[in-house]
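Trainee: With the sequence up front, the predicted model follows.
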Amino acid sequence: MLELLISYLYTHTTPQYLAEAIGLIKCFYAVGVKSFETDIIYLLKDAQNTDSNEILARLQNILVDKAAEILMAQGVTITTRDISVLRHTLEGLDAIQTYEDTDAVCMICESGLDTVETLCELLALVTPLPATTFHEYVAYVDQKVIDVLHARAETDSNMVVAAQATANESLKTRIQRWIKIFPDSLLEQFLLRAIQVGLSVDTYVTMIRQNLVLSTDVVFSDNPEIVAQNCISLVLYSDIPDDKVRESVQDLLDGFYSDLTFIQKADIAVDKLLGSTGLMVASGA
């Protein structure tokens, strides 16, 4: 059915309308609705003997009515016949539930706006349309809609905080373990300078290049054992997870050196150093 509809729309309407219509139909499928298919099949059967303007008008009615029905079942009443707005509304309701910035979602839900204004602001957060566009057409939003979106965001936010706490604890543990055995390492130099823990490796490399800690020539010297220790220090201090430590150290070596003999000597030193701290197990090597 979908292929036949695409074929018909391709020759009887604009590429933009085709994309919007198919996008809206995919929204229907995403929520498990297929009841519109029969109507479209009958529509396409009539297409050979019916003016295309009438077919397109009937298709518009099918899409608009089904979208409004789905939204109403979810607790949202919308008055537009613009299938682009309808598509963005349906896609937005789904996107809000997986939006990464859960704090932003919670803040909007807790802002004191009425339910319609709240949903419009949330939709603007996850779609390319501004809140004012949704304000024109969204007529009613059940309080339960906002409550569910708020509760989901709060739950996800708490899970993120818990995950970050776990990650921070792991980071703290491996730093302490490293300093206990190598108290004069580059890692300790970072701590003494109160450089923020848990940033990207690239950020710390940039600091080195700018001589904010030690110079590049000192950190990435011609001594493979010192280089191995410095590379490990940078990675352990960063946001790299435990199971990617060895891989990330290797990336640093490959990025700064082309001499295979030197890299091989540094690799041996890296494995020895990680093994002496018990970090080889954590890094998956």
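Mentor: Thanks, I have it.
Trainee: what are the ranges of the strands in this structure?
Mentor: Per DSSP state E, the chain has strands spanning 76-78, 138-141. These are given in chain order.
Trainee: among those, which is the most enclosed?
Mentor: When you average the neighbours per residue for each of the strands of the chain (mean count of other Cβ atoms under 10 Å), strand 76-78 leads with a mean of 19. The C-beta positions use only the backbone N, C-alpha and C, and glycine is treated the same way.
Trainee: follow-up on the earlier one: just put the strands of the chain in a markdown table and tack on distance to Asp94 and mean pLDDT.
Mentor: Converted to a markdown table, these look like this (distance: least, Cβ to Cβ, whole Å; pLDDT from 0 to 100):
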| stretch | distance to Asp94 | mean pLDDT |
| --- | --- | --- |
| strand 76-78 | 12 | 96 |
| strand 138-141 | 16 | 96 |
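Trainee: Find the centremost residue of this protein, please.
Mentor: Glu100 (6.0 Å; Cα atoms, centre = their mean).
Trainee: For burial, what's the neighbour tally of Thr118?
Mentor: The number of residues packed near Thr118 is 22, by other Cβ atoms under 10 Å.
Trainee: I'd assumed Asp142 was in contact with it.
Mentor: No: in terms of Cβ atoms under 8 Å, Thr118 does not count as a neighbour of Asp142; the distance is 11.5 Å.
Trainee: for Leu234, what are its contacts?
Mentor: Leu234 makes contacts with Leu186, Leu187, Val201, Tyr204, Val205, Ile208, Val219, Leu252, as judged by Cβ atoms under 8 Å, 6 or more residues apart in numbering.
Trainee: Now render those as a markdown table, adding neighbour count.
Mentor: Supplementary listing: the contacts of Leu234 in a markdown table, determined by neighbours: other Cβ atoms under 10 Å:
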| residue | neighbour count |
| --- | --- |
| Leu186 | 22 |
| Leu187 | 23 |
| Val201 | 19 |
| Tyr204 | 22 |
| Val205 | 19 |
| Ile208 | 19 |
| Val219 | 23 |
| Leu252 | 23 |
